[in-house]
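> Need a 3D model of the following:
(chains A and B)
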Amino acid sequence: MSRVLIGAMAVTLATMTAFAQGTGDQNLQIHGFATQALVYSSNNNYLGMDTSSGSTAWTEAAINVNDQVTSKLRAGVQLHYTRLGAFGGDNISVDWAQGDFKLNRWIGLRAGKVKIRWGLYNDTQDYDPGYLWSLLPESIYGIDVRSTNLSQLGAEVYGKVPIGQKLGKLGYSLYYGDYFYASDDGSVANFSEQGLTFVNLPGGKTPGFDLRWETPVRGLKVGGSLMTYDAKGNLTNGTYVQPLAYWPTYYAQYEGNKFFASGQFMKLVQYQTVTLTGTAPSASGSESQAWFAMGGYHLTEKLQAGAYYTRFWEGAGANLSDPATYFHDWVASSRFDINSNFYAKLEGHYIDGNGTGYYGFNNPNGLKPKTGLLVGKVGFTF
Amino acid sequence: MKKSLSIFLISTAASAFAVHAQAQVVVIANNNVRDTSASKADIRDVFMGASSNLKSGSRVLPILLKGGPAHVEFLVLFIGRSDAGFQSSWKSQVFSGQCSMPRTADSEKAMVEYVETTPGAIGYVLKTTPHDGVKTLTVQ
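All right, here's what the predicted structure looks like:
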């Protein structure tokens, strides 16, 4: 079924390409991309795929249509297909669908299903052609759980304010809306492995903001974001309530002509109360932290190489000698742009710990503390 | 050894000067754009989608060439990225819902015509391409 779907998507992409090239009205634009990966790991299966025997079960594609209706009003929609082992599957999701009214450079309003600006890469993390990396740091941008917090159903006020020629610019984003846990990603698997089965998936409100300072040093920006969210859901045998979770992050990025470097730190504090029919409410909480540092360089016009290191750890009382409570990942990556439309990537990981990205359903004999991982990927974008 | 080093330094400086002296691309704008000059940084910001205004506050709409020598030289002089990197940077913004891709022109002639007739339009052509009906911005 999924192969038929991918075939249909490829035909659609090709048709869209022809249309995009042929249209004279450039206010209406159609763009898209498709990627296919081959992933092989030692010791453990990773990210819901059977990677220890080599897996091709990671395919992504998206189509983006947007129309500059007037000089200030833009409308658009983006459909996304992700198959990541046991996650995603044949569902095509609406990545975002919004109206965007930009009054002037200082203020604009987006409404509908709107991408959430959080940290350096939350709103762009599902656009693979935009990155040197095949996998962004799993400790912060977990690809297996990303669907839930990519966008919200509500509104965003955004803009960029000059703060003096010598001080640069301040970009901001304030948002408020509803969200629901994605039905087919790792969050559901995590719930399931806790023994929680939902009648309807939990959801709630997600207010938050992002502030980023484009410093007077060309290419250097620093910023911070706070995403908050609560959730309620009905279990087959009770109720699930999650009070407001706090997810602050701080980041910096430098982009030069050939060189880029960035770093980000985040902390996630969340609690949940599960009430099973006929029993007293059971409350639990978790606090985790993570960071990464990365850098990349254009060796030639077509070839980039880079590396990053990331750490994740459970806080407050966790036994950090237990590999289940931490995740350290050394990564080296390269990307070759065949032309403006086609590219290929090759990436190696050395992972210590199982704190994130691993599941019991495809590691039935338990997890070993260390994993080696190799990812090859080809992609097409227009 | 000293002589070799001197020759190397002189030839490097000469090459750098030659590259600068060979700059044949000019930035053009519609006559309603108030600015007569812009910094290289301003031009980069506008063509990378980081800003939609020049110093005077004039709102500008960048237009890109699909390819050719003017496009290649513009990317080298003002953007500092390959065409693939440049496109990728724009598309990251497009796929996150932040903006549309800038309009593109098939030829320098088409670019000049568009810039001439579209308020706020800003583009680039080779110096030798006729561009009488538009304003040429001095880039500092």
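
> Number of residues surrounding B:Ala70?
By other C-beta atoms under 10 Å in any protein chain shown, the residues close to B:Ala70 number 22. In this view, the C-beta of every residue, glycine as well, is placed from N, C-alpha and C.

> was I right about it contacting B:Leu126?
Yes - contact criterion C-beta atoms under 8 Å: B:Ala70 and B:Leu126 qualify, at 4.7 Å.

> right, and B:Gly133 touches B:Lys109 too?
No - counting by C-beta under 8 Å, B:Gly133 does not reach B:Lys109; the two are 11.6 Å apart.

> Show the contacting residues for the nearest residue to A:Gly360 once chain neighbours are set aside.
Of all residues not flanking A:Gly360 in the chain, A:Glu193 sits nearest, at 5.4 Å (C-beta to C-beta, 6 or more residues apart in numbering or on different chains). When contacts are counted by C-beta atoms under 8 Å, 6 or more residues apart in numbering or on different chains, A:Glu193 touches A:359-361.

> List just the nearest of the residues you listed to chain B.
A:Tyr359 (28.1 Å; C-beta to the nearest C-beta).

> For the chain, give me the ranges with low pLDDT.
Picked chain A for this. Under the criterion pLDDT under 70, the flagged ranges of chain A are A:1-25.

> nope, chain B
By pLDDT under 70, the low-scoring segments of chain B are B:1-23.

> Report the central residue of it.
Nearest residue to the geometric centre of chain B (C-alpha atoms, centre = their mean): B:Phe74, 4.5 Å.

> tell me the SS of A:Arg105?
Three-state call for A:Arg105 (DSSP: H, G, I helix; E, B strand; the rest coil): coil.

> Same check on A:Ala290?
Classification of A:Ala290 using three-state DSSP returns strand.

> The host helix or strand of B:Phe74 vs chain A: in contact?
Here B:Phe74 sits within helix B:69-74, counting by DSSP states H and E. No - using C-beta under 8 Å from any C-beta of the partner chain, helix B:69-74 never reaches chain A; the gap is at least 10.3 Å.

> which other helices and strands contact that helix?
Helix B:69-74 sits against strand B:25-29, strand B:61-65, strand B:121-126, with contacts defined as 3 or more C-beta pairs under 8 Å, 6 or more residues apart in numbering or on different chains; DSSP states H and E.

> so what's B:Leu75 up against?
Contacts of B:Leu75 (C-beta under 8 Å, 6+ apart): B:81-83, B:86.

> Of those, which pair is most distant in space?
Spanning the widest gap among the contacts of B:Leu75 are B:Arg81 and B:Asp83, at 7.9 Å by C-beta to C-beta.

> Just to be sure, B:Met111 is in a helix?
Yes - the assignment for B:Met111, made by three-state DSSP, places it in a helix.

> Return the distance of the closest residue in space to it that isn't next to it in sequence relative to B:Ser82.
Excluding its sequence neighbours, the residue lying closest to B:Met111 (C-beta to C-beta, 6+ apart) is B:Ala105, at 3.9 Å. For B:Ala105, the distance to B:Ser82 equals 20 Å [C-beta to C-beta, to the nearest Å].

> same question, A:Val77
Counting by C-beta to C-beta, the gap from A:Val77 to B:Ser82 is 30 Å.

> repeat for A:Thr236
Taking C-beta to C-beta as the measure, A:Thr236 falls 54 Å from B:Ser82.

> neighbour count winner among the two?
The neighbour comparison of A:Thr236 against B:Ser82 (other C-beta under 10 Å) goes to B:Ser82, with 20 against 10.

> I figured the more buried one hits A:Glu301, correct?
Yes - at 4.2 Å, B:Ser82 and A:Glu301 qualify as touching, with contact defined as C-beta under 8 Å.

> so what sits against both of those two?
Counting by C-beta under 8 Å, 6+ apart, the common neighbours of B:Ser82 and A:Glu301 are A:Asp337.

> quick one: contacts of stretch A:287-297?
A:132-133, A:137, A:139-140, A:258-269, A:304-316, A:327, A:333, A:355.

> residue contacts, the closest residue to B:Tyr124 other than its chain neighbours?
Leaving aside its sequence neighbours, B:Tyr124 sits nearest to B:Phe74 (C-beta to C-beta, 6+ apart; 4.7 Å). Taking C-beta under 8 Å, 6+ apart, we find B:Phe74 in contact with B:25, B:47, B:65, B:124.

> isn't A:Tyr127 right next to B:Lys91, touching?
Yes - the pair A:Tyr127 / B:Lys91 is scored as a contact, 7.0 Å apart, by C-beta under 8 Å.

> neighbour-wise, which of the two wins?
A:Tyr127 (24 against 21).

> Can you tell me the closest non-neighbouring residue to the more buried one?
Nearest non-adjacent residue to A:Tyr127, counting by C-beta to C-beta, 6+ apart: B:Phe95, 4.1 Å away.

> For that neighbour, which residues are in contact?
A:31, A:33, A:62, A:64, A:78, A:124, A:126-127, A:130.

> Reformat those residues as TSV; add distance to A:Gly168.
TSV is the format used below for the contacts of B:Phe95 (distance: C-beta to C-beta, whole Å):
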residue	distance to A:Gly168
A:His31	30
A:Phe33	32
A:Ala62	32
A:Asn64	30
A:Gln78	30
A:Thr124	21
A:Asp126	29
A:Tyr127	26
A:Gly130	23
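
> Just the buried ones from those?
Buried members of those, scored by 16 or more other C-beta atoms under 10 Å in any protein chain shown, are A:31, A:33, A:62, A:64, A:78, A:124, A:126-127, A:130.

> Show me what from the stretch 251-382 of chain A comes close to chain B.
For the stretch 251-382 of chain A, the residues in contact with chain B (C-beta under 8 Å from any C-beta) are A:256-258, A:298, A:301-302, A:337, A:339-340, A:343, A:381.

> Please produce TSV containing those residues, extended by secondary structure and neighbour count.
Output for those, formatted as TSV (DSSP: H, G, I helix; E, B strand; the rest coil; neighbours: other C-beta atoms under 10 Å in any protein chain shown):
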residue	secondary structure	neighbour count
A:Gly256	coil	13
A:Asn257	coil	12
A:Lys258	coil	16
A:His298	strand	22
A:Glu301	coil	14
A:Lys302	coil	15
A:Asp337	strand	23
A:Asn339	coil	9
A:Ser340	coil	17
A:Tyr343	strand	24
A:Thr381	strand	23
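
> So which of those residues is the closest to A:Ala280?
For these, the nearest to A:Ala280 is A:Thr381 (53.3 Å; C-beta to C-beta).

> Name whatever forms a beta bridge with that closest one.
With DSSP bridges as the criterion, A:Thr381 is bridged to A:Phe33.

> Hmm, it is touching A:Ile63, no?
No - counting by C-beta under 8 Å, A:Thr381 does not reach A:Ile63; the two are 11.4 Å apart.

> where do the contact lists of the two overlap?
Joint contacts of A:Thr381 and A:Ile63 (C-beta under 8 Å, 6+ apart) are A:31-32.

> now the helices: where do they sit in chain B?
For chain B, helices defined by DSSP state H occupy the ranges B:2-21, B:40-47, B:69-74, B:83-95, B:108-117.

> again but with the stretch 251-382 of chain A, I slipped
Assigned helices in the stretch 251-382 of chain A: none (criterion: DSSP state H, counting those that start in this stretch).

> and A:Tyr141, what does it touch?
Taking C-beta under 8 Å, 6+ apart as the test, what A:Tyr141 contacts is A:119, A:121-122, A:125.

> same thing but 10 Å
A:118-122, A:124-126, A:133, A:135, A:149, A:264, A:266, A:290, A:292, A:310 (C-beta atoms under 10 Å, 6 or more residues apart in numbering or on different chains).
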